[in-house]
Every structure is written in C-alpha cells, then in structure tokens.
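Visitor: A structural model of the following input is requested.
(2 chains)
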Amino acid sequence: MHLDVTLQARHAEALRDLLQRPDGIEASAYVLFGRNVVGMDPWSRRRRLRLVSHEVVPVPAGDEISASARHITWSTASFVSLCRQAAERGLLPAIVHSHPAGMRAFSRQDDTNERDLYRLLRNRNGADAIMASVLLAGGDHFLARAWFDDKEPVAADIVRSVGSRLLYFGGEPGDSNPALVRQALLFGDAVNGRLAAMRVGVVGCGGTGSATAMLLARLGIGQLALFDDDIVETSNLNRLHGARRADADAMRPKVEVLAREITELGLGVRVHTHRGWIEDEAARDALKACDVIFGCTDDHAGRMFLNRLSHFYLIPVIDMGLAIEPASAGMRDMSARVTVLTPGAPCISCRGIVDPKVAGEEALRREAPEDYERQKREAYVRGGQNPAPAVVTFTTETAALAVNELLQGLTDYRAEGGWAWERVRRLDRGIERKRGAIQSPHCPICAREDYWGRGDMDPFMDRIS
Amino acid sequence: MSFLPTADRRYLEERGLAFREVEDGGRKGVILSGFALPAAKFQVVAADILILLPRGYPDAPPDMFYALPWLSLVQSSRYPNCADQPQQFESQKWQRWSRHNNNWRPGVDGIWTMLKRVEQALQEAA
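Guide: Numbers count the residues shown, from 1 in each chain, chains lettered A, B, ... in the order given. Here you go, the predicted structure:
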C-alpha cells in the first residue's frame, strides 16, 4: 500500500494559522480527509491510498490537555466527536500537530499518543478504521502518515498542496537526467526531479492532446496516462504528432500511436493507455492516480466529468480549447484558451465553456445510439456539426500554452504568484490576457465546498455514471 | 446500490413519492410509481412516470419523460399532442412525452425541476 496526501492550499494556510503560536508551544488541529482509493496504480501496479483534505476542524479551546514546547497530548472528547463525524460522512479522521522548532520527523511521544488515539477510533468505528496524522514542521513543511492498525504507521510518500500553486513537500527527487541538463540550467535539478516523479493524464489525444503528450514527455514527466477512444484518420495527419499515413491506413488507435512515439524517444517515460471513454469504470483508477490532468477533448460531457474530478479529488485539470471562427461568420476569432480547474477557481460550467444540453446529447449518442438517431431524424437533437478548421501550429501553440501553465504552477517562472485561472491568446492578433469569470452562487462544483476533497463516495462523484 | 445523486435521493424521499431506480439497456432512470394525475383529465387517475437520467446527470439534463399506461384525454379520447410515440424500457412500451429542456442550470436544477415539468406538461396536455 502506497500513501500520499493532498491538502487544499487554503487548508494548509488554515493549519499554519491554527498551529503557529507565538510561545513556540506545539499546537494541534483536526482534518477530515476524503479517500481516493486507487485499486491498481497503472505504474506501480499496486494499491494506492490518496488522502485529500475535505475540512479542517479546529480543536475546541481547552481540549488540548497539555502542551509544551516539545509535546502535545489530546483530550479524547473532541477526538471521539471527530470519529463520529468521519463515520457518518464517509471520511477519514486525522490529527495535525506542529513541531515549531522544525524537527521534520514524528517523535516517539507522537507514536505513543497516536497509537492510543487509533485504538479509540478503532473501538468506535470498527476494525477497518484508518487514522491519518499530519505534522507541520517549522511552519513551512508537512509530513504525513496513516495508521491502519495499532502497530506501525505507514509514511506518506509525499504531501502536496493544491491551490494557486502546485507545491510538494518531501519525496526528494532522484538522480538528474542527462537528457534534461539544459532544462536544469533554468529550473534546477529539483524541478526536473519533481517532473520525473509526476503522474500526468492527457484526456483526448488529437491535435492538442498529442502535442501536449509529446511536450510533457520531452519536459521529463515520468508517468503519462493517455485516454482516447478514437483512431487515426487521414484527415488528422496534419496535426497528430507522431501519426503517420500507415497508422491511418491501419486504423490504429491514437493512444497506441502516441505511446509508440513516446516510448521510442527513449527518455524513460512510462506510458499507460486507455483506449476508451474516460467515464468508463475501467478508466477510473488511472484517472484518480494522476497528479494533474490535461483536458484536450472538445467533448462537453467529458469536460464536465473532468470538472467534477478536479474538485472531488484535488487533481488540477488544465483544460484547453482552440476556437477558429472563419471570417465568413462575421468577426474572425482565432483564440487559444487554457483554463485551470481546481477548488477556488471558477469552474468550466460557470465560465460557460460547456453546454449542459450538448453534454446530454453526447451522453445519449454514447448510451443509446438508436434513440439518438431516431431523435435526430425527428429534429429533437442537433446532428454532428461540420468539421472544424484545424492547423498544427495553432493546436501545438495551444498545447504549449497549457504545458507552460503546469510549469507556472510548479515554478512561478512568470513571477505572478501562481496560476492564471484562465489565459486566452488571440492567435490572429498576438494578444494574450487573463480572463476572469463570475461564479454562479448556486454552482455545486466551484461555489459550494461540499465536493472539494470529498474523494470516493456513492454514487461516484455524486452523479449518474 | 443507489445511483441517484444525494440531493435527488433526499428530495424524492422527503416528498414521500414511491419511486424506484431502474436500469435497462445501459440507460438509468427513475420510475415514479402510481404518480397522481390531474383530476378528471385522463382515462386513469394515476400512472407510472419514467424519467431517464443521462450519464453525467445532474451536469447533463434529462429530457423527455414517459408514461405507462398510455394516457389519453378524457375529452377527446386521443393521445395528447407530441405524446404518441413508444419508447421501449424494461420490456414495456412506454408513451413518450416529447417535452424539452431548453434551460438547465447545474446546481439549481435537479429531479425537482423535472417533476415540476412533468406536472406542468400533464396539466397543460391538450
């Protein structure tokens, strides 16, 4: 079992506020985590538990029985209440405490305290109970672990913070890659190591998706998951990176072609492919195993799915789109768009990028094609639209814009403090700007917080699958 | 295992409607059993109403609804307008009511919206 922990950035900030005390004494708080169970990680081939922060729960005043500069113990009343909440809401309880002096390790006293608390939890919630523990060291570093029994805890491989930046704590990067020395001259070995450890999904492997995947591979991303249901066609060859005429003739799946091209780069990228639709249950483990996902599909239903995924599982989605409106339709519009989907950002629904009705029609076409055709004949659904213009320089430029947004989140190389929630580049005018959006106050995804870090639940992502 | 989103399940339970979650031919939906019809309007006082929920609902909207038995108007003894096509579900031929959703607001709309549309369509049927 591998374990990792992702905190919402606002939770990391709240924990710092709660735990930073002027007297330098250890302090504590609670967190309720959502559970992201990856039954089979596509790269390690092992079970993985990813904890995602759903809610920070302050410890009530007076409930810290004793605190000193070096140790903390807990009253049990509020912890028992936390256990009850966790059981009722399908979440996982966690204790958080600080080492103000900065010791980056759990102490022996921590072990004793936590073992006692774990036994309390197990007595109340049952033998399969799991308790997490997070340590804030020196105010700027997080460690985490989880107790599955009262013997020894499992240490988390990594702790991440997801917000306007993508921050990692721990999991020191491995050896430098000779193929990436020129990149290290700008970003350093630490960034290259971080990229090598990342698991990145690419949904949709057409013009923008194939470019994105190739850019990510050359950037040094260590693990890629490719999702597409389609095959290479002659009309794609103008823009599908890596695709050849022989692939179109052989009707080869796009994911297969890309995997071949990336493997042949010889850069050591491990590629997982899913030939099929991302809403398939068979795609779930691979999607949930990703740290970041690039949305390169123009499918409305697919985008709405990724919109939910980004909030339920704290997996930032970098969605992209390319709009080319020929001049005959009035004002020419040639725009590349990159939108970050993550808690705190206006979502793709509020931005008006997806149309619920189109999503419903797409679902009908996939689920019940005969009914779809029948309703099309009766003019109840719009048929497929005419083919859209597509030019490789624009699809690739869009992909570069999106991959650079990943770099921005990791490195802040633009010195803007973090991600732009949306960036639009007018390809015909050479203008780039950030675009704001007004969130609908009723939006269940980005305005309400019920789904943020909610993790696994029934039904999956609280929608019809 | 229920596949209904939590808000929908809660709404139907709180309203006390007899319903069951159904799946057939890869499609999912809700059947409202013995749904009360407007008084003296149709040849029966109640019918089963099927609402199909697309994959992605509630982000993606439901569309038409379906009735069993087929409802005909007492006044004219015929099926209402746009309610004369069959839809196969659970080995039965349901009467398709072609009423459409042209507005759907994720976060605001849910099964409650659809029920209001069903009630309105039944009331206005002519």
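Visitor: going forward, measure contacts between C-alpha atoms and count neighbours the same way
Guide: OK.
Visitor: roughly how far apart are the residue lying closest to A:Gln85 once chain neighbours are set aside and A:Tyr380?
Guide: Spatial nearest neighbour of A:Gln85, chain neighbours left out: A:Leu91 (7.8 Å); criterion: C-alpha to C-alpha, 6 or more residues apart in numbering or on different chains. A:Leu91 sits at a distance of 43 Å from A:Tyr380 (criterion: C-alpha to C-alpha, to the nearest Å).
Visitor: higher neighbour count, these two?
Guide: A count of neighbours by other C-alpha atoms under 10 Å in any protein chain shown puts A:Leu91 above the other of A:Leu91 and A:Tyr380, at 28 against 16.
Visitor: Kindly provide the distance from the more buried one to A:Leu32.
Guide: 6 Å.
Visitor: With A:Pro60 instead?
Guide: From A:Pro60 across to A:Leu32, the span is 15 Å (C-alpha to C-alpha).
Visitor: between these two, which one's more packed in?
Guide: Remark: of A:Pro60 and A:Leu32, A:Leu32 carries more neighbours, 27 against 11, as counted by other C-alpha under 10 Å.
Visitor: so how far is chain B from that one?
Guide: As for A:Leu32, its distance to chain B is 20 Å (criterion: C-alpha to the nearest C-alpha, to the nearest Å).
Visitor: Packing partners of the helix or strand hosting that residue?
Guide: If you go by DSSP states H and E, A:Leu32 is part of strand A:28-38. For strand A:28-38, the elements it packs on are helix A:9-19, strand A:48-58, strand A:92-99, helix A:284-288, judged by 3 or more C-alpha pairs under 8 Å, 6 or more residues apart in numbering or on different chains; DSSP states H and E.
Visitor: The top helix by length along chain B: how far from the chain's middle?
Guide: Scanning chain B for the helix with the most residues, using DSSP state H, yields helix B:111-124. From the chain centre to the centre of helix B:111-124 is a distance of 8 Å (C-alpha atoms, centre = their mean, to the nearest Å).
Visitor: between the longest strand anywhere in chain B and helix B:111-124, how big is the angle?
Guide: Counting residues, the longest strand found in chain B (DSSP state E) is strand B:27-36. Relative orientation of strand B:27-36 and helix B:111-124, computed by axes from the mean of the first three to the mean of the last three C-alpha atoms, to 10 degrees: 50 degrees.
Visitor: Parallel or antiparallel, which strands does strand B:27-36 pair with?
Guide: Here the strand partners of strand B:27-36, with direction, are listed using DSSP bridges: strand B:19-24 (antiparallel), strand B:46-53 (antiparallel).
Visitor: Buried residues in the first one, which are they?
Guide: Judged by neighbour count using 16 or more other C-alpha atoms under 10 Å in any protein chain shown, the buried positions of strand B:19-24 are B:19, B:21-22.
Visitor: Can you give me the distance of A:Met251 to chain B?
Guide: Remark: distance between A:Met251 and chain B (C-alpha to the nearest C-alpha) = 27 Å.
Visitor: Quick check: residues of chain B near chain A?
Guide: B:2-6, B:25-28, B:53-62, B:101-102, B:104-108 (C-alpha under 8 Å from any C-alpha of the partner chain).
Visitor: In ChimeraX, how would I select just the buried ones from those?
Guide: In ChimeraX syntax, the buried subset of the residues of chain B next to chain A is picked out as below (16+ other C-alpha under 10 Å):
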select /B:3,4,5,27,28,53,54,55,56,57,58,59,60,61,62,104,105,106,107
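Visitor: Select from the residues of chain B next to chain A every entry located in strands.
Guide: Within these, membership in strands is found for B:27-28, B:53, as judged by DSSP E.
Visitor: Nearest to A:Met320 among those?
Guide: Distances from A:Met320 to those, taken as C-alpha to C-alpha, are shortest for B:Leu53 (28.1 Å).
Visitor: pretty sure the residue nearest to A:Gln85 contacts A:Phe33?
Guide: Yes: counting by C-alpha atoms under 8 Å, A:Leu91 touches A:Phe33, with 5.6 Å between them.
Visitor: so what sits against both of the two?
Guide: Common neighbours of A:Leu91 and A:Phe33, using C-alpha atoms under 8 Å, 6 or more residues apart in numbering or on different chains, are A:Arg454.
Visitor: Could you list the buried residues of the longest strand of chain B?
Guide: Across strand B:27-36, burial judged by 16+ other C-alpha under 10 Å covers B:27-33, B:35.
Visitor: And for stretch A:39-56?
Guide: Within stretch A:39-56, the residues that count as buried by 16+ other C-alpha under 10 Å are A:39, A:41-42, A:47-56.
Visitor: first vs last residue of it, how far apart are they?
Guide: Its start and end residues considered, stretch A:39-56 measures 27 Å (C-alpha to C-alpha).
Visitor: For the stretch 101-250 of chain A, which segments count as helices?
Guide: In the stretch 101-250 of chain A, helices defined by DSSP state H, counting those that start in this stretch lie at A:108-125, A:181-197, A:207-219, A:245-249, listed in chain order.
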